[in-house]
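1. using only what follows, build the 3D model:
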Amino acid sequence: MRTQYWVGMRFAMPLKLRRTRVALFPVCCFVLLLSGCGAARPGRFEAFAAAGTTYTKARSEFLRQSLEFYVDRDSLELRRQHAATNLSVADRQQLLNAQDKIVLDRAKIIADLEHHGDVLREYFTALAQLSSSKGVAGAESAASQLATEIGKLSASLGASSIGGAPIGAVLNRASGFAVGAFRNRALARHLEASAATINRELWLEEEALRLITEEMIADQTALRNEYRRTAVAVPFRSDAPLPAEWEKARRADLLAEAGIARARAAQDAARELRLAYEALCKDANEAANVTDLRSAVALLSRYVSDVAGAQAQKP
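-> Model prediction:
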């Protein structure tokens with residue numbers, strides 16, 4: 001018996017066969033849906049790892065710049081105290097030694113954060129390899145070892161304080177989350193064992209960048225105000241001819257003012273890094289947070305580049 005025939009100019013099939021296919025359609029859709037749920041799409045983790053790697057490089061430059069602003073602000077305050085107070089030679093030496101120690105303590109925190117970022121960057125690479133459909137040999141072991149290594153850093157980093165605020169206090173706000181179902185068993189094993197550790201480190205990372213950002217904005221503002229006073233305002237109010245570099249000094253001053261608030265790009269990028277990691281661990285098909293991370297990292301990269309350019313513009 002023929003199972004198909006023509007009705008007018010349209011192709012049709014027997015009613016019984018049509019009902020069978022209609023009944024099978026939602027079943028097929030359901031099967032396809034299940035096959036996508038919990039599937040660790042390599043592109044997601046690889047995109048996250050790429051953005052995370054760019055983040056660690058940009059934040060490394062940000063940390064270096066923050067330390068330079070910190071030292072310059074401290075030197076500015078020392079200059080003011082030197083000029084305003086009648087200190088003895090011994091008193092001045094004691095003051096300088098005390099401030100040097102404070103600056104060196106900050107340099108140590110920055111160095112710890114640099115190391116934290118280096119291990120994070122290696123972890124992102126191992127995580128991308130672990131989630132890859134190509135099944136990179138040794139990726140699970142490498143990711144687990146790096147998670148253990150970075151977990152050990154939280155003891156010293158969490159105990160450090162920036163601006164009088166302990167970085168580790170943020171862990172009181174950190175909450176656990178359930179890891180999603182992954183078809184990649186090696187990835188599932190790793191996340192079950194290490195996701196909480198990495199998430200804790202990302203909370204510390206975010207808090208450290210937040211505290212440094214707040215101080216960096218204050219340091220930049222103080223330095224900018226002094227620079228404007230001495231290089232722009234005072235010469236302009238004077239009856240003497242303006243210095244040859246006055247226009248360049250004014251340009252550097254205004255560009256610095258326009259860019260100060262954008263330092264928050266660092267803490268924004270650190271927050272998006274944590275949110276993207278959490279989203280991927282919960283649901284491998286989540287893409288929005290990785291997109292937000294890319295955008296935040298791009299802003300951070302642009303900011304550190306602009307700061308470097310503005311510093312170069314100063315006469």
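
2. now name the helix or strand holding residue 311.
-> Using DSSP states H and E, residue 311 sits within helix 288-313.

3. from the chain's centroid, how far away is that helix?
-> Taking CA atoms, centre = their mean, to the nearest Å, the mean C-alpha location of helix 288-313 is offset from the chain mean by 10 Å.

4. what comes up buried for that helix?
-> Within helix 288-313, the residues scored as buried using 16 or more other CB atoms under 10 Å are 289-290, 292-294, 296-297, 299-301, 303-304, 307, 310. From N, CA and C alone the C-beta is placed, and that goes for glycine too.

5. and that helix, what other elements does it pack with?
-> For helix 288-313, the packing partners by 3 or more CB pairs under 8 Å, 6 or more residues apart in numbering; DSSP states H and E come out as helix 42-84, helix 246-259, helix 265-282.

6. now these as JSON lines including mean pLDDT, distance to residue 227 and mean neighbour count?
-> Shown next, in JSON lines, are the helices and strands packed on helix 288-313 (pLDDT from 0 to 100; distance: least, CB to CB, whole Å; neighbours: other CB atoms under 10 Å):
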{"stretch": "helix 42-84", "mean pLDDT": "91", "distance to residue 227": "10", "mean neighbour count": "18"}
{"stretch": "helix 246-259", "mean pLDDT": "91", "distance to residue 227": "6", "mean neighbour count": "16"}
{"stretch": "helix 265-282", "mean pLDDT": "93", "distance to residue 227": "22", "mean neighbour count": "23"}
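
7. so for residue 148, which of these sits nearest?
-> Nearest to residue 148, of all those, is helix 265-282, at 17.0 Å by CB to CB.

8. so that closest one versus helix 42-84, what angle?
-> Inter-element angle recorded for helix 265-282 and helix 42-84: 150 degrees (by axes from the mean of the first three to the mean of the last three CA atoms, to 10 degrees).

9. so how far is helix 265-282 off the chain centroid?
-> With CA atoms, centre = their mean as the basis, helix 265-282 stands 7 Å off its chain's centre.

10. which residues touch it?
-> Helix 265-282 is contacted by residues 44-45, 48, 51-52, 55, 58-59, 62, 177-180, 191, 195, 198-199, 202-203, 205-206, 208-210, 212-213, 286, 288-290, 292-293, 295-297, 299-300, 302-303 when judged by CB atoms under 8 Å, 6 or more residues apart in numbering.

11. try 6 Å
-> For helix 265-282, contacts defined as CB atoms under 6 Å, 6 or more residues apart in numbering pick out 44, 48, 55, 62, 177, 179-180, 191, 195, 202, 205-206, 209-210, 213, 286, 289-290, 292-293, 296-297, 299-300, 303.

12. list the contacts of residue 105.
-> Contacts of residue 105 (CB under 6 Å, 6+ apart): none.

13. that one: which element?
-> helix 89-131.

14. what is the orientation angle of that helix with helix 42-84?
-> Here the directions of helix 89-131 and helix 42-84 differ by 180 degrees (the same axes, to 10 degrees).

15. give me the neighbour count for the residue nearest to residue 159 when sequence neighbours are not counted.
-> Distances taken as CB to CB, 6 or more residues apart in numbering place residue 168 nearest to residue 159, at 6.1 Å, with adjacent residues excluded. For residue 168, the tally of surrounding residues (other CB atoms under 10 Å) stands at 20.

16. now do residue 168 against residue 193, distance only.
-> From residue 168 across to residue 193, the span is 22 Å (CB to CB, to the nearest Å).

17. next: residue 280.
-> In terms of CB to CB, residue 280 sits 16 Å off from residue 193.

18. same check, this time on residue 261
-> Distance of residue 261 to residue 193, computed by CB to CB: 41 Å.

19. picking up where we left off before, quick one: average pLDDT of the helix holding residue 105?
-> Throughout helix 89-131, pLDDT has a mean value of 94.

20. thinking again about what came up before, output the helices and strands packed on helix 288-313 as a markdown table; include the columns distance to residue 122.
-> Shown next, in a markdown table, are the helices and strands packed on helix 288-313 (distance: least, CB to CB, whole Å):
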| stretch | distance to residue 122 |
| --- | --- |
| helix 42-84 | 9 |
| helix 246-259 | 31 |
| helix 265-282 | 15 |
